[in-house]
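Q: Okay, predicted coordinates and the sequence, questions at the end:
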2 protein chains.
Amino acid sequence: MAVPALNVLLIEDDDAISAPLSRGLAREGYDVALAVDGPAGLAAGLSSKVALVILDVGLPFMDGLEVCRRLRAARPKLQILLLTARSEEVHAVDGLDAGADDYIAKPFRLAELLARVRAAARRAEPRELTAAGIRVDTGSRRAFLDGAELTLSPKEFDLLSRLVADAGQVVTREQLLRDVWETSWQGSSRTLDQHVSWLRAKIGPNLITTVRGTGFRFRGDA
Amino acid sequence: MAVPALNVLLIEDDDAISAPLSRGLAREGYDVALAVDGPAGLAAGLSSKVALVILDVGLPFMDGLEVCRRLRAARPKLQILLLTARSEEVHAVDGLDAGADDYIAKPFRLAELLARVRAAARRAEPRELTAAGIRVDTGSRRAFLDGAELTLSPKEFDLLSRLVADAGQVVTREQLLRDVWETSWQGSSRTLDQHVSWLRAKIGPNLITTVRGTGFRFRGDA
DNA sequence: GTCGTTGTGTCAACGCGGTGTCAAGGCCGG
DNA sequence: CCGGCCTTGACACCGCGTTGACACAACGAC
């Protein structure tokens, strides 16, 4: 399902936790960045590229709750998932007050955390993507070209969404296969090219440009 | 979101809880009112504008349970969601006895509360849903097509309600099975398709669109 | 420039699987 | 016992994804 390589920021000083976690997240297809103390995490989290933050409450130099509060103040729609050292120590109230969207108590199972992250990621996904005359509405799964609705197959829709989500940037074949096809099999296959071809037939040949040896790029606004 | 500006009343004296909560609710698109003690909450809750109440049991001047009882007596169909200080203190029995529709124990996760609210909102009070010539009155469980009443079976009505509630949006098969059938079994079954087929026979084939591989979408425009 | 190599565009064909619908059967309340 | 209502299996349809084949464009070596 077209999860467009969501940027996740992990703020955690304990390597024993952050290492397996970021590995697991990467395996699920997220783009993971790591910060190891409060101020660094806060700075990184202010970047609009980050859509989801996993935040430990116990951090050097700046309390996690404080980081949470500041992040929330600056970015109301950011998804913040709090890791609490023990469920007793930090009450839900504190987390709520700080503006966290969800929290999970250590020790936690990796699978559960990933499930929570998936849920948060769904909430974080933008409902509408727009670039170069194309509008993609993920809620209704409809796409428009200059206001006129396009009739797209499921895969075509997912592919277009993925490309438009990173409009102006190159999306590699591997990313596309991973996000749209959910297979990391990178055997040579014409499938991807075929779908790109079909898309071009429907939206015109100028919006998707081939980046030879790498992938494709959707036209950034202009 | 799915619910068009549902009026929610939050009765909570602790600012540390009410502040983030009302922020979270507002972010989800609800119209939130706040009352900080029992009598005020009761008064506000009697207004027919309010469709859903989130009620803390520990309140100044009047016990939350008492507020709940009185609200229930006056408005049988009002959705009441109880916040209990700790799961041990107030038993489910008390809450149910007082007439609450759901209750949730502190500490709770914001995401979970919001999910419960969504569920309650879906059940909430004589709501009239309208889209594309269809009018659904969930109070009397009657549906109309261009003013003419439809004769629908219970499941057909539930299905139509669910689709119209998210008119313009794709409702996945999983969501429909969960919300209409309340089973999370996602075994392949033709049941859902059969009901959609029957619905189409009664309201015409153009209002419900199949979104292949995902679910169905009810026509969004008026 | 020419050639060879590698990556890409696209056509056509195939087969799978999601969906629409009929019909049979079961459950339940009147 | 009858009549709605829901479920389920069966079956056909057809949209859709996949794949192989082939032409061709891009690029490097010379």
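A: Received, thanks.

Q: What angle do helix B:110-123 and whichever helix in chain A runs longest make with each other?
A: Determined from DSSP state H, the single longest helix within chain A is helix A:110-124. Angle of helix A:110-124 versus helix B:110-123, following axes from the mean of the first three to the mean of the last three Cα atoms, to 10 degrees, is 60 degrees.

Q: hmm, which helix or strand of chain A has the shakiest average pLDDT?
A: helix A:92-98 (a mean of 58; mean pLDDT, DSSP states H and E).

Q: and the following helix or strand past that one, which strands flank it?
A: Counting by DSSP states H and E, the element after helix A:92-98 in chain order, helix or strand, is strand A:102-105. Counting by DSSP bridges, the strands paired with strand A:102-105 are strand A:79-84 (parallel).

Q: Alpha carbons only: can I get the partner strand in CSV?
A: Extracted C-alpha coordinates of strand A:79-84, given in CSV (Å, rounded to 0.1, in the frame of the first residue of the first chain):
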residue,chain,number,x,y,z
GLN,A,79,2.5,12.8,14.9
ILE,A,80,4.4,12.2,18.1
LEU,A,81,4.7,8.8,19.7
LEU,A,82,6.1,8.8,23.2
LEU,A,83,8.2,6.1,24.7
THR,A,84,7.8,6.1,28.5
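
Q: centre of the chain versus that strand, how much separation?
A: 16 Å (Cα atoms, centre = their mean, to the nearest Å).

Q: now the helix or strand that the longest helix of chain A is followed by: mean pLDDT?
A: Using DSSP H and E, the helix or strand that directly follows helix A:110-124 along the chain is strand A:128-131. For strand A:128-131, mean pLDDT is 90.

Q: Please name every helix or strand in contact with strand A:128-131.
A: Counting contacts by 3 or more Cβ pairs under 8 Å, 6 or more residues apart in numbering or on different chains; DSSP states H and E, strand A:128-131 is packed against strand A:134-137, helix A:154-165. Where you see a C-beta, it was placed from the backbone N, CA and C, and this is true even at glycine.

Q: Would you format the ones you listed as TSV with mean neighbour count and distance to DNA strand C included?
A: Shown next, in TSV, are the helices and strands packed on strand A:128-131 (neighbours: other Cβ atoms under 10 Å in any protein chain shown; distance: least, Cβ to the nearest atom of the strand, whole Å):
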stretch	mean neighbour count	distance to DNA strand C
strand A:134-137	20	18
helix A:154-165	22	9
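
Q: quick one: which of those is nearest DNA strand D?
A: helix A:154-165 (2.9 Å; Cβ to the nearest atom of the strand).

Q: hmm, who's touching the closest one?
A: Contacts to helix A:154-165, defined as Cβ atoms under 8 Å, 6 or more residues apart in numbering or on different chains, come from residues A:1-2, A:4, A:126, A:129-131, A:134, A:136, A:138, A:141, A:143, A:152, A:171, A:175-176, A:179-180, A:195-196, A:198-199, A:202-203, A:208, A:216-218, B:211-214.

Q: and that helix, how far from the chain's centre?
A: 15 Å.

Q: so does that helix get close to DNA strand D?
A: Yes - against DNA strand D, helix A:154-165 shows contacts by Cβ under 7 Å from any atom of the strand at A:154-156.

Q: Give me the neighbour count for residue A:201.
A: By the measure other Cβ atoms under 10 Å in any protein chain shown, the count of residues near residue A:201 is 9.

Q: Correction: the previous question concerned residue A:39.
A: 13.

Q: residues touching it, list them.
A: A:61-62.

Q: mind checking pLDDT for it?
A: pLDDT at residue A:39 comes out at 90.

Q: Make sure it is indeed in a helix.
A: Yes - assessed with DSSP: H, G, I helix; E, B strand; the rest coil, residue A:39 lies in a helix.

Q: Look up how far residue A:13 lies from it.
A: 12 Å (Cβ to Cβ, to the nearest Å).

Q: No more questions from me, cheers.
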